[in-house]
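**Student:** Need a 3D model of the following:
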Amino acid sequence: MPLWRSWHRPLLAFAASMAVLAVVSGVGLVVDDRVLTGARIWFKPFKFAVSFVAYCLSLAWMLSLLDRGRKAGWWAGTVVVVSSLVEMALITTQVVRGKRSHFNHTTPFDEALFNTMAVTVVILWLGTLVIAVLLLRARISDRASAWAMRSGIVLALAGAAIGFLMTQPAPGQKRGSSPIVGAHSVGVPDGGPSLPLTGWSSTGGDLRIPHFVGMHALQLLPLLLMGLAALATRPRFGRLADERVRLRLVLIASGTYAATFALVTWQALRGQPLNHPDGATLTAAALILAATAAGTYATWRAGAPTYLCIRPVEAPERDDDTENKELAA
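**Tutor:** Sure thing, here's the model as predicted:
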């Protein structure tokens with residue numbers, strides 16, 4: 001039976017539906033020229049759909065590795081699916097209506113939709129938290145794999161929590177009276193000049209950056225481990241065949257990722273665009289890079305290369321009488 005058949009079925013089905021929505025949104029980007037807050041209106045459901053494909057496939061795989069608490073994991077994964085489905089349905093509804101989906105309090109109906117989305121996001125986060133706890137308790141034989149998944153899901157929870165910061169009133173906004181309460185950008189209005197492809201602000205801070213970085217640790221750290229395992233089969237990288245070396249490298253990568261997540265969060269909260277870091281940001285980035293390089297070098301030097309040794313098989317000694325008998329025969 002293929003390995004993927006043991007994955008969480010509802011998460012797989014939802015990932016497939018999001019792949020379809022990504023295609024539909026891509027068509028919308030081509031045929032629908034409406035613009036909302038500085039971006040093509042179908043850009044938001046396209047980004048969310050692609051993100052959910054990666055997110056749900058990762059969770060579906062991780063849940064298949066649980067050795068205990070599988071029933072609780074199945075229900076937690078299903079809760080993630082239902083909450084995500086409601087959120088995407090509401091986002092798409094607002095796109096069709098030509099209205100903002102997030103932070104929109106313009107009318108009672110818009111406010112009700114946004115409040116419903118806020119509830120679904122909390123439920124999604126709690127469902128992922130349950131899965132994280134189960135993974136932390138799971139007995140997984142390969143420790144490097146275990147910590148790649150554990151670090152990834154904890155960082156994903158931290159990245160998702162950034163969304164709660166976005167709902168806070170921006171300067172000039174007031175709950176109960178402002179039509180828009182909350183923002184992605186810090187220090188500048190939403191919808192201003194932005195970086196290509198991502199849509200992140202190029203003139204101020206943007207909380208979507210740490211949100212993105214944190215959420216996708218769920219895929220990037222396990223992918224790093226898969227890359228290390230693939231390299232371990234090559235003689236030049238024989239040290240990676242040692243599980244202890246792979247574990248240390250995963251822990252270093254997890255620490256680097258966490259530090260980078262903290263750095264881009266700090267940068268965004270100071271209202272600083274990603275493409276214009278100041279001296280403090282560059283210094284912190286240099287320290288992270290130096291610590292990562294030092295840790296990686298020390299781990300590589302400490303690991304002993306692993307080689308496959310084959311002992312030659314010696315032929316048994318034969319005495320002269322045995323040879324004479326064979327010749328006579």
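
**Student:** Okay, now the unreliable bits of this protein?
**Tutor:** Applying pLDDT under 70 to the chain picks out residues 1-4, 303-329.

**Student:** all helices of it, in order?
**Tutor:** For the chain, applying DSSP state H gives helices covering 9-31, 43-63, 70-97, 108-137, 143-166, 208-215, 217-231, 243-269, 279-302, 320-328.

**Student:** Indicate which one of these is closest to Arg175.
**Tutor:** Comparing the helices of the chain against Arg175 with Cβ to Cβ, the closest turns out to be helix 108-137 (10.9 Å). Heads up, the C-betas are built off the backbone N, CA and C, glycines and all.

**Student:** Would you quantify the distance from Ser178 to Leu136?
**Tutor:** As judged by Cβ to Cβ, to the nearest Å, Ser178 and Leu136 stand 41 Å apart.

**Student:** Neighbour count: the two, which is higher?
**Tutor:** Taking neighbours as other Cβ atoms under 10 Å, Ser178 and Leu136 compare with Ser178 leading, 15 against 12.

**Student:** is it true that the more buried one touches Pro169?
**Tutor:** Yes. Counting by Cβ atoms under 8 Å, Ser178 touches Pro169, with 7.2 Å between them.

**Student:** Contacts for stretch 140-155, please.
**Tutor:** Identification of contacts with stretch 140-155 by Cβ atoms under 8 Å, 6 or more residues apart in numbering yields 58, 62, 65, 67, 128, 131-132, 135-136, 138, 214, 217-222, 224-225, 228, 243, 246-247, 249-251, 254, 257-258, 261.

**Student:** Could you pick out the buried ones from those residues?
**Tutor:** Buried subset of the contacts of stretch 140-155 (neighbour count, 16 or more other Cβ atoms under 10 Å): 58, 62, 65, 128, 131-132, 135, 138, 214, 217-222, 224-225, 228, 246-247, 249-251, 254, 257-258, 261.

**Student:** quick one, what contacts Ala158?
**Tutor:** Here Ala158 is in contact with 214, 261 (Cβ under 8 Å, 6+ apart).

**Student:** ok, it to Ala262 distance?
**Tutor:** On the measure of Cβ to Cβ, Ala158 and Ala262 end up 9 Å apart.

**Student:** His211 now?
**Tutor:** 13 Å.

**Student:** okay, those two: which has more neighbours?
**Tutor:** Remark: of His211 and Ala262, His211 carries more neighbours, 24 against 16, as counted by other Cβ under 10 Å.

**Student:** you'd agree that one is up against Ala156?
**Tutor:** No. Applying Cβ under 8 Å as the test, His211 and Ala156 come out as separate, 10.3 Å apart.

**Student:** Tell me the residues that contact both of the two, please.
**Tutor:** The contact sets of His211 and Ala156 do not overlap (Cβ under 8 Å, 6+ apart).

**Student:** contacting residues for the nearest residue to Val186 once chain neighbours are set aside?
**Tutor:** Nearest non-adjacent residue to Val186, counting by Cβ to Cβ, 6 or more residues apart in numbering: Gly205, 3.4 Å away. For Gly205, the contacting residues are 185-188, 267-273, by Cβ under 8 Å, 6+ apart.

**Student:** need the residues you listed in TSV with distance to Ala148 and neighbour count, can you?
**Tutor:** Below are the contacts of Gly205 laid out as TSV (distance: Cβ to Cβ, whole Å; neighbours: other Cβ atoms under 10 Å):
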residue	distance to Ala148	neighbour count
Ser185	33	24
Val186	31	21
Gly187	35	18
Val188	36	18
Gln267	26	24
Ala268	26	27
Leu269	28	15
Arg270	31	14
Gly271	34	15
Gln272	31	21
Pro273	31	23
